[in-house]
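what follows is a predicted structure for the sequence shown.
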Amino acid sequence: MSLDADQIVDRRKLRRKLTFWRVLGVLAVVAAIGVATYATVGRGFAEGSPHVARVVIGGLIRNDRDRVEMLERVGRSNASAVILSIDSPGGTVTGSEQLYDALRRLAEKKPVVAVVEGMAASGAYIAAMGADHIVARRNAIVGSVGVIFQFPNFSEMLKSVGVTVEDIKSSPLKAAPNPYEPPTPEARAAIASLVMDSYAWFKGLVSERRKLSDGMLAQATDGRVFTGHQALGLLLVDELGDERTARAWLAREKGVPTGLRTRTWRTPGVGDEFGWLTGRVGSLFEAVGFGVLGRVVSQFAEGAWERAQLDGLLALWHPRAGS
């Protein structure tokens, strides 16, 4: 009886040790991946052989200094050309403007072609216009040229529970609109002026970059999204296809050799561009017998970025529920 008890204790100790070393092994592999990625992103490409740089624009676009610096490194690298792989609903107007400006500076040094893999809506279409040529899949989503400002209003809910929020401010439009009271006509007008000013900039950018007639510009910038096929007819994209189509254009129009390798450049920051890493972590946990924990970690990491607050004016495709 005592022997059986000792064996049970020994097996439990062995199991705990095995669990410890499994977790330690996973963490070591993840750390190694991170170090290798940083080394590649940091200076490896700048000193490497000629290649075609692939830059992924995915998820919600916000101000991102790391991405701007990465694009500057691409400009200094031995990359012969750049492919933007885009799949994004847009983001903030300022973040999209920052990305567009960085891409135009890059395009002064390297040929840049955008490939709309799934979606280039609103702010992501601003990014696409930073390229010299836009390729889209036939059924990709393109467009949503416009700006939106959204804010919650809890005044009716507060009224139902007998709560009022008082404020003392220097002028009527300070901190307006206020989520605790119905917006005044003046507040609505002030926000509308911001929206229309940014929309005029966005619309002007489409007119300048895509060379549209007034009638076609009005149709292309009314806020709708289009399939890649429809966008081609509106001149919002130049060609239907995929990355192979982009490589063919680079070879034909810019003399970029077709045999060059394509290398993906990534930022060291956390975002949708690093979704591959969360997936890799999940796979590693799965391989050592901790699949459930791996899925929890991956879902948490992916959700954290998507739940990030987007403040201010948005150039974002955001269809209403049920539409």
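Great, that's in hand.

what sits against Ala220?
Gly143, Val145, Val206, Arg210, Leu212, Phe226, Leu234, Leu235, Leu236 (CB atoms under 8 Å, 6 or more residues apart in numbering). Every residue, glycine included, has its C-beta placed from N, CA and C.

okay, it: pLDDT?
Note for Ala220: predicted pLDDT of 96.

where does pLDDT dip in the stretch 51-200 of the chain?
Across the stretch 51-200 of the chain, nothing is flagged by pLDDT under 70.

helices along that one, start to end?
Along the stretch 51-200 of the chain, counting by DSSP state H, counting those that start in this stretch, helices occupy 65-76, 93-107, 123-128, 155-160, 185-210.

repeat that for the stretch 201-323 of the chain.
Under the criterion DSSP H, counting those that start in this stretch, the stretch 201-323 of the chain contains helices at 214-220, 228-233, 243-254, 275-287, 291-306.

what is the nearest of the contacts of Ala220 to Asp101?
Val206 (15.9 Å; CB to CB).

relative to Leu260, how far out is the closest one?
32 Å (CB to CB, to the nearest Å).

okay, these two: which has more neighbours?
Val206 (21 against 17; other CB atoms under 10 Å).

who's in contact with the more buried one?
Each residue near Val206 by CB under 8 Å, 6+ apart is listed here: Met129, Val145, Leu212, Leu217, Ala220, Thr221, Leu236.

which of the contacts of Ala220 has the most neighbours?
In the contacts of Ala220, the most neighbours by other CB under 10 Å go to Leu236, 27 neighbours.

which residues does it contact?
Tyr125, Ile134, Val142, Gly143, Val206, Arg210, Ala220, Phe226.

any idea how far the fifth one lies from Arg252?
What it means is Val206. 26 Å.

do the same with the third one
Between Val142 and Arg252 the distance, using CB to CB, works out to 23 Å.

so those two - more neighbours on which side?
Neighbours were counted for Val142 and for Arg252 using other CB under 10 Å; Val142 has more, 28 against 10.

I figured that one hits His229, correct?
No. Checked against CB atoms under 8 Å, the pair Val142 and His229 is beyond contact range at 9.6 Å.

which of the contacts of Ala220 fall within strands?
Gly143, Phe226 (DSSP state E).
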